[in-house]
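From the sequence below, what's the structure:
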Amino acid sequence: MEYKNLIDNVQIPVLGLGTWLMGGRMEPDYSDDENCIQAIKKAIELGYTHIDTAEMYANGHTEELIGKAIKDLDRKKLFITTKVRNTKLKYDDVIQSAKESLGRLQTEYIDLFLIHSPSSEIPIEETMKAFDYLVEQKLVRFIGVSNFQVEQLIEAQKYTKNKIVANQIEYSLLTRNDGKYGGNKDMESKTIPYCQENDIIVMAERPIERGLLLEGHPLLDELEKKYNKTKAQIAINWLISKKNIITIPKSANVDRLKENIESIGWKMDEDDIKRLDKIKLDQSLRDKI
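Okay, the predicted model is just below:
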């Protein structure tokens, strides 16, 4: 695995395991639990030590599956990220949500705790005070946000004595400045440059847009042959080649897990990275998600 600096001497893997849709969507689906647990275990065996989840995923059931998958493993070798939903950002609610996530994950601490998305109704000052409490109590190691634009990031940082170390946003070869979820916009032109300048990790979600990038583009076809890598591997490698950017592709398929992890350990030529920076992909593809 390759790593990037999160804060001080703490590093975070460039490739993590996304878990959205494992165990259900907005409500639990128990029909595939054993396969999901085994997929998480297999991912860890392959080298995915960063696992990203959220209390909103399957209404907490995804966290339960992760808890079952990691309960007999060395916790210190894992990096667990989870998120509090934006309807629970009042002081007491944040603390309660963190404790409930800890219970479902069967762990004593969360490595990285994120606000899942901004709230227009709950003052960010109240939320960040709760985040500080969680750090003080050693229930959370580091704090961050998700789906935050620059102004929202600056506002949140004003009200916490702990550094906001990460911002999870939509970003891929397909999705650059106009996100589909969470109010994301200006990611490439504003949010990412700000994070890079202020030592904030950008956690890029949906790096291959659930397979849509596999439909191809002449440049992707060309680079696939040049590097003897798949389009998915090209897309992921392009992301992690950039300063402060890591990514969290989701898959419960063992072959795809292996394919994704082979996105690391090699580099494209700088000229090819710059060519990928400039490509324009068909935005109507996202309507299929």
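
Where does the prediction get shaky in this protein?
Where the chain drops to pLDDT under 70, the residues are 214, 216, 282-289.

quick one, helices of it?
33-46, 61-70, 91-105, 124-136, 150-158, 192-197, 218-227, 231-240, 254-261, 270-278 (DSSP state H).

Export these as TSV, with columns for distance to Gly211 and mean neighbour count.
Quick note: C-beta positions are derived from backbone N, CA and C, even for glycine. As requested, the helices of the chain are exported to TSV (distance: least, Cβ to Cβ, whole Å; neighbours: other Cβ atoms under 10 Å):
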stretch	distance to Gly211	mean neighbour count
helix 33-46	17	18
helix 61-70	20	23
helix 91-105	28	18
helix 124-136	35	19
helix 150-158	30	16
helix 192-197	24	17
helix 218-227	13	15
helix 231-240	8	23
helix 254-261	9	17
helix 270-278	18	13
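
between the ones you listed, which one is nearest to Asp52?
helix 61-70 (9.7 Å; Cβ to Cβ).

How far does that closest one sit from its chain's centre?
17 Å (Cα atoms, centre = their mean, to the nearest Å).

Could you do stretch 114-133 as well?
So, by Cα atoms, centre = their mean, the centroid of stretch 114-133 is 19 Å from its chain's centroid.

Output that stretch as PDB, restricted to C-alpha atoms.
The C-alpha coordinates for stretch 114-133 follow below in PDB (Å, rounded to 0.1, in the frame of the first residue of the first chain):
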ATOM      1  CA  LEU A 114     -16.600  13.300   9.400                       C
ATOM      2  CA  ILE A 115     -19.700  15.500   9.100                       C
ATOM      3  CA  HIS A 116     -21.500  13.700   6.200                       C
ATOM      4  CA  SER A 117     -22.700  17.000   4.700                       C
ATOM      5  CA  PRO A 118     -23.300  20.600   5.900                       C
ATOM      6  CA  SER A 119     -26.500  21.600   7.600                       C
ATOM      7  CA  SER A 120     -28.200  24.900   7.000                       C
ATOM      8  CA  GLU A 121     -30.200  24.600  10.200                       C
ATOM      9  CA  ILE A 122     -27.700  23.600  12.900                       C
ATOM     10  CA  PRO A 123     -24.900  26.000  13.700                       C
ATOM     11  CA  ILE A 124     -21.500  24.600  12.800                       C
ATOM     12  CA  GLU A 125     -20.000  26.000  16.000                       C
ATOM     13  CA  GLU A 126     -22.200  23.600  18.000                       C
ATOM     14  CA  THR A 127     -21.100  20.700  15.900                       C
ATOM     15  CA  MET A 128     -17.400  21.400  16.100                       C
ATOM     16  CA  LYS A 129     -17.500  21.700  19.900                       C
ATOM     17  CA  ALA A 130     -18.900  18.200  20.000                       C
ATOM     18  CA  PHE A 131     -16.200  17.000  17.700                       C
ATOM     19  CA  ASP A 132     -13.600  18.600  20.000                       C
ATOM     20  CA  TYR A 133     -15.200  16.700  22.900                       C
END
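
what does that stretch contact?
54, 56, 81-87, 89-95, 113, 140, 143-148, 152, 155-156, 159-162, 166, 168, 182-183 (Cβ atoms under 8 Å, 6 or more residues apart in numbering).

one step back: could you dump the helices of the chain into a markdown table with distance to Ile7 added?
Converted to a markdown table, these look like this (distance: least, Cβ to Cβ, whole Å):
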| stretch | distance to Ile7 |
| --- | --- |
| helix 33-46 | 23 |
| helix 61-70 | 23 |
| helix 91-105 | 19 |
| helix 124-136 | 12 |
| helix 150-158 | 13 |
| helix 192-197 | 13 |
| helix 218-227 | 32 |
| helix 231-240 | 19 |
| helix 254-261 | 25 |
| helix 270-278 | 26 |
